[in-house]
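Undergrad: what would the 3D arrangement of this be:
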Amino acid sequence: MPVAETKMGPSNGFVIALILLLARGCLSGTRHDDICGDYNGRKLYLELGHRGFLSARDVAPDVTPKGGTPTNITSAHHQCGMELVTCPSCVITVIFHFMNMSTCSQDGSCRCDYLWVTEPPYEASGAPFCGYVKSPPAGTGDIGQAEYFGAFPRGYRDTSPAGYRSRTRTLALALLFASPHSHAFTLEYSSERNRQYLKGYRPSVNSNATTGGFLTSPFFPAPYPRDLGAEYIITSPDSNARFYDWNGQRLEVSSGASFRPPVVLSSGPSLLVRFYANGGTGLGYKATYSFLTGRIPENLIKPVT
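TA: Below is the predicted model of the structure:
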């Protein structure tokens, strides 16, 4: 056939190489990057459900990382870093599979090299991570309910995952180091929907109110992001779930313009709260939730403003 006799020119070779490269990228669904590698100083965008791995290997203060020159944080520290950005109604979860950076302290605080995790532009979000993790977590655990679950070795247990769950769509990771490391850390990151599950506890015999809590905008009272989207699913204790059936009816819509915010009562054991910024910003919101059984006293449904 004439096609079989055609010689491959330079342009044909380029096209075939490009196709092979794209095919390889499609087959590799999980990313593996080095924090001092090609994405040092850059942003990586994640879609909902996407995940990847980030490591720090063969780093040394006297070696210029890929992607740019290390930044001097102090006279003794250099930095490699990158930002993870996901969808407006998503958050980012980080789980450490390995870490080998001494705390250089007796109280677990990070006084030598560490990984700094923060959510720009919120300064209150910063958290250092250092210490030792030698094996990956056995399972994902109940990490979806905690924004921050411990620097190492403080509060770390081999039976539970350790890492960080963001409150916003942006998470910045920065390795600050003054000593060489053959393998400083390996972490797994993933994007998930910004949804929090809030539960109560079984009420006492002499009370019809259970322990509740608060739901707030990220880093309240700091202004929330203009593109923030969040969901809160509040579920009552199992003891009274059999008496009601949540039917999905919308109970209340509030823009925050009223001086005295409304009190919302659900007709069953579950309540879904959604917040959308819709391009605007403000000082955020803070709400109290509680669980009631039996007759509801009038003073419990009056706003406290």
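
Undergrad: could you check how far Arg167 is from Gly284?
TA: 11 Å (CB to CB, to the nearest Å). For the C-beta atoms, the positions are set from N, CA and C on the backbone; glycine is no exception.

Undergrad: ok, the two, which is more surrounded?
TA: Arg167 (23 against 18; other CB atoms under 10 Å).

Undergrad: end to end on stretch 162-171, go ahead and measure it.
TA: 16 Å (CA to CA, to the nearest Å).

Undergrad: equivalent analysis for stretch 109-120, please.
TA: 22 Å.

Undergrad: outside of that stretch itself, list whatever touches it.
TA: 56, 77, 83, 94, 99, 101-105, 125-131, 151, 154, 164, 166-168, 170-179, 181, 184-185, 218-219 (CB atoms under 8 Å, 6 or more residues apart in numbering).

Undergrad: what average pLDDT does it get?
TA: Taken as a whole, stretch 109-120 carries a mean pLDDT of 91.

Undergrad: hey, what's in contact with both of Arg167 and Gly284?
TA: 218-219.

Undergrad: quick check: which ranges of the stretch 1-150 of the chain have low pLDDT?
TA: 1-29, 62-76, 135-150 (pLDDT under 70).

Undergrad: thought Glu231 was touching Asn194?
TA: Yes. Using CB atoms under 8 Å, Glu231 is in contact with Asn194, at 6.6 Å.

Undergrad: can you list residues touching both of those two?
TA: Ser89.

Undergrad: so for these two, which sits in the more crowded spot?
TA: The residue with more neighbours, out of Glu231 and Asn194, is Asn194; 24 against 14, by other CB under 10 Å.

Undergrad: now do that one, the pLDDT please.
TA: Per the predicted model, pLDDT is 92 at Asn194.

Undergrad: what do you get for Tyr189?
TA: 95.

Undergrad: quick one: neighbours of it, just the number.
TA: Neighbours of Tyr189 (other CB under 10 Å): 24.

Undergrad: hey, what's it bridged with?
TA: Gly52, Val94 (DSSP bridges).

Undergrad: would you map the helices across the protein?
TA: 2-5, 10-27 (DSSP state H).

Undergrad: show me what contacts the nearest residue to Pro225 once chain neighbours are set aside?
TA: Excluding the flanking residues, the one nearest Pro225 by CB to CB, 6 or more residues apart in numbering is Thr168, at 5.7 Å. Listed by CB under 8 Å, 6+ apart, the contact set of Thr168 reads 91, 119, 122, 218, 225, 228.

Undergrad: out of those residues, list just those in strands.
TA: Assigned to strands by DSSP state E, the following of those qualify: 91, 119, 122.

Undergrad: how many other residues sit next to the first one?
TA: Going back to what we said before, that points to Val91. Neighbours of Val91 (other CB under 10 Å): 25.

Undergrad: and the last one, by the same measure?
TA: Residues contacting Tyr122 under the criterion other CB under 10 Å number 16.

Undergrad: could we number from 3 for the rest of this?
TA: In the new count, where the first residue is 3, that last one comes out as Tyr124.

Undergrad: so it sits right up against Phe221, yeah?
TA: Yes. Contact criterion CB under 8 Å: Tyr124 and Phe221 qualify, at 4.7 Å.

Undergrad: how close does His52 sit to Ala279?
TA: 23 Å.

Undergrad: nearest to Tyr191 among the ones in strands among the contacts of Thr170?
TA: Using CB to CB, Val93 is the member of the ones in strands among the contacts of Thr170 that sits closest to Tyr191, with 10.9 Å.

Undergrad: isn't the closest one right up against Ser192?
TA: No. Assessed by CB under 8 Å, Val93 is found out of contact with Ser192, at 9.7 Å.
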